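>>> Turn this into a model:
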Amino acid sequence: MTREVRTVISGMHFLESPRWHDGRIWFSDFYAHQVHSAREDGADLRIEARVAQQPSGLGWLPDGRLLIVSMRDRKLLRREADGTLVTHADLSAHAGGHVNDMVVDAHGRAYVGDFGFDLMGGAPFRPTGLWRVDPDGSVHPVASDVWFPNGAVITPEGELRVCETFANRVTAFDIAADGTLRNRRTWAKFGEPPTSTDVGEAVGQAVVAGDGCCLDAEGAMWIADAVHGRVVRVREGGEIVDQIQPGSGVFACMLGGADGKTLFICAAPDFHEHARQAAAEASLLAVRVEVPRAGRP
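Here you go, the predicted structure:
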């Protein structure tokens, strides 16, 4: 079906990790080193935090304090009530590359992924893990052999789903009462994993390069396809039942708005670091969909 895609905010560098929280859309701008929030229509744009080492994933503790992934120094930051940022957890002894996206559960446990290798420096691909950061800041490995963990959701039933960007799949786990992950399985398969560790060749083998994602009330996922310039709505197994191509690269998405039926999309010409640092060409787009948001984030 034909949908109207509108620009909510423009003139940014590279947007990621959109979140609908407290009646506002929140997101990170990697190369402006800022976390922003705005009203649904893009008005009242605010700088919520400045993160020198590059912000990414966002989430909230049960008491309302904001958690922010600080990518380059591999830390998880916490914004205190007075607005100051403090180190919530240090993942530098665990992560093999930039720390990236995360999802925070109702208990304040953050499930965090990392690149696993020097993506921007041209290193060969290698798998990495998932880390659970508990509310006290302690770090615990919870999964291994994850192929570039990226966007993640937690369903109302307590299932964690993680997009593995380089594996052509979404992987699911059950979250146990103690926060450990069990019953690992493939929730959606789009194709076979790449046969090369060369990033360029691996990207060329991506059917869906799952990046940021969100969950809807029917249990389907909207997933940003970082290679093919689209967001796709996916059901269990990997069936694509809807897609939106806004005419730009897309790297994350989030359902929100007053009724939960506005799909916000983080768009930019590409994901190349130096090009995105040099130009303010990224935007936050919005499109109306039929099924509202659910779960976390």
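
>>> in which helix or strand would I find Arg276?
Arg276 is part of helix 273-278 when elements are defined by DSSP states H and E.

>>> which strands and helices sit next to the next helix or strand along the chain from that helix?
Following helix 273-278 in sequence order, the next helix or strand is strand 282-288 (DSSP H and E). Contacts defined by 3 or more CB pairs under 8 Å, 6 or more residues apart in numbering; DSSP states H and E place strand 282-288 against strand 6-12, strand 15-21, strand 24-29, strand 262-268. C-beta coordinates here come from the backbone N, C-alpha and C atoms, glycine included.

>>> how about the ones you listed, which one is nearest Ser144?
The closest of the helices and strands packed on strand 282-288 to Ser144 is strand 15-21. By CB to CB, the value is 23.6 Å.

>>> Compute the inter-axis angle for the closest one and strand 262-268.
Angle between the axes of strand 15-21 and strand 262-268 is 160 degrees (criterion: axes from the mean of the first three to the mean of the last three CA atoms, to 10 degrees).

>>> Strand 15-21 pairs with which strands, parallel or anti?
strand 24-29 (antiparallel) (DSSP bridges).

>>> what angle sits between the strand it pairs with and strand 6-12?
Using the same axes, to 10 degrees, strand 24-29 lies at 40 degrees relative to strand 6-12.

>>> Relative to the whole chain's centre, how far out is whichever helix or strand comes after strand 24-29?
Reading on from strand 24-29 to the C-terminus, the next helix or strand found by DSSP H and E is strand 34-38. Centre-to-centre, strand 34-38 and its host chain are 15 Å apart (CA atoms, centre = their mean, to the nearest Å).

>>> helix or strand right after the helix or strand of the chain with the lowest mean pLDDT?
Least confident helix or strand, the chain: helix 199-204 with a mean of 82, by mean pLDDT, DSSP states H and E. The C-terminal neighbour of helix 199-204 among helices and strands, as given by DSSP H and E, is strand 210-216.

>>> The helix or strand that that next one is followed by versus strand 15-21: what angle between them?
Downstream of strand 210-216, the next assigned helix or strand under DSSP H and E is strand 221-225. Orientation note: strand 221-225 sits at an angle of 160 degrees relative to strand 15-21 (the same axes, to 10 degrees).

>>> same for whatever helix or strand comes next after strand 221-225, what does it pack against?
For strand 221-225, the succeeding helix or strand toward the C-terminus, using DSSP H and E, is strand 230-234. Contacts defined by 3+ CB pairs under 8 Å, 6+ apart place strand 230-234 against strand 221-225, strand 240-244, strand 249-256.

>>> With mean neighbour count and mean pLDDT added, can I get those in TSV?
Output for those, formatted as TSV (neighbours: other CB atoms under 10 Å; pLDDT from 0 to 100):
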stretch	mean neighbour count	mean pLDDT
strand 221-225	28	98
strand 240-244	15	97
strand 249-256	25	98
